[in-house]
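Student: Just the structure for this:
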Amino acid sequence: MQWSEIDFESRWWTIPADKSKNHLAHRVPLSAAAVRVLTAVRENNLKKKRIAKSPWVFPSPRGNDHIREMQKAVQRIRQTAEVDFRAHDFRRTAASMMASMGIPRLTISKILNHVERGVTAVYDRHSYDKEKREALGAWSRRLIAIVSELGEVRQAAH
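Tutor: Predicted structure coming up:
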């Protein structure tokens, strides 16, 4: 993710076609929570003079590139949470949870940037931007509620 791909004003992240698995540009709506996280990351990067001028949202601590492997971060989360998972499980969990919230599978598919097959896909040229924004906003609110409840449980346990 590069800073130039993020439009903070309209709250969109546009993944360029050359970075997308299906080679199609993909617009991802950013929830208010996502914007807060990105703003905090930008401020944190600015404090680190060595990476302050990096075009990357998540610059490598070594060199001028970006973080390529998330294994160390995933390993720390696994140890802290005491749960065995893979990074891709975040994607699967978000999709499953959105489905359980009543978000249509087509909208979830658009969020995941899956290529739809069939005749309808040829004729349906709707962007689904509104539907994606509403779905990810709902998921953001649900995720915050889940994390808040976990925090309350942990505090009560101490």
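
Student: how close does Glu116 sit to Glu134?
Tutor: Between Glu116 and Glu134 the distance is 19 Å, computed by Cβ to Cβ, to the nearest Å. In short, each C-beta sits where N, CA and C put it, glycine included.

Student: ok, now Asn113?
Tutor: For Asn113, the distance to Glu134 (Cβ to Cβ) stands at 17 Å.

Student: Tell me where the chain has helices.
Tutor: Counting by DSSP state H, residue ranges of the helices within the chain are 32-47, 71-81, 88-100, 105-111, 119-123, 129-157.

Student: Now tell me what touches the lowest-mean-pLDDT helix or strand in the chain from outside.
Tutor: Of all regular secondary-structure elements in the chain, judged by mean pLDDT, DSSP states H and E, the least confident is helix 71-81 with a mean of 82. Residues outside helix 71-81 that contact it (Cβ atoms under 8 Å, 6 or more residues apart in numbering): Asp84, Phe85, Arg86, Ala87.

Student: Just the buried ones out of these, please.
Tutor: Under a neighbour-count criterion of 16 or more other Cβ atoms under 10 Å, the subset of the contacts of helix 71-81 counted as buried is empty.

Student: want to try JSON lines for those residues, with pLDDT and distance to Gly102 as columns?
Tutor: Converted to JSON lines, these look like this (pLDDT from 0 to 100; distance: Cβ to Cβ, whole Å):
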{"residue": "Asp84", "pLDDT": "86", "distance to Gly102": "29"}
{"residue": "Phe85", "pLDDT": "83", "distance to Gly102": "25"}
{"residue": "Arg86", "pLDDT": "82", "distance to Gly102": "27"}
{"residue": "Ala87", "pLDDT": "79", "distance to Gly102": "27"}
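
Student: and of those, the nearest to Phe8?
Tutor: When the contacts of helix 71-81 are compared for distance to Phe8 (Cβ to Cβ), Ala87 comes out closest, at 25.5 Å.
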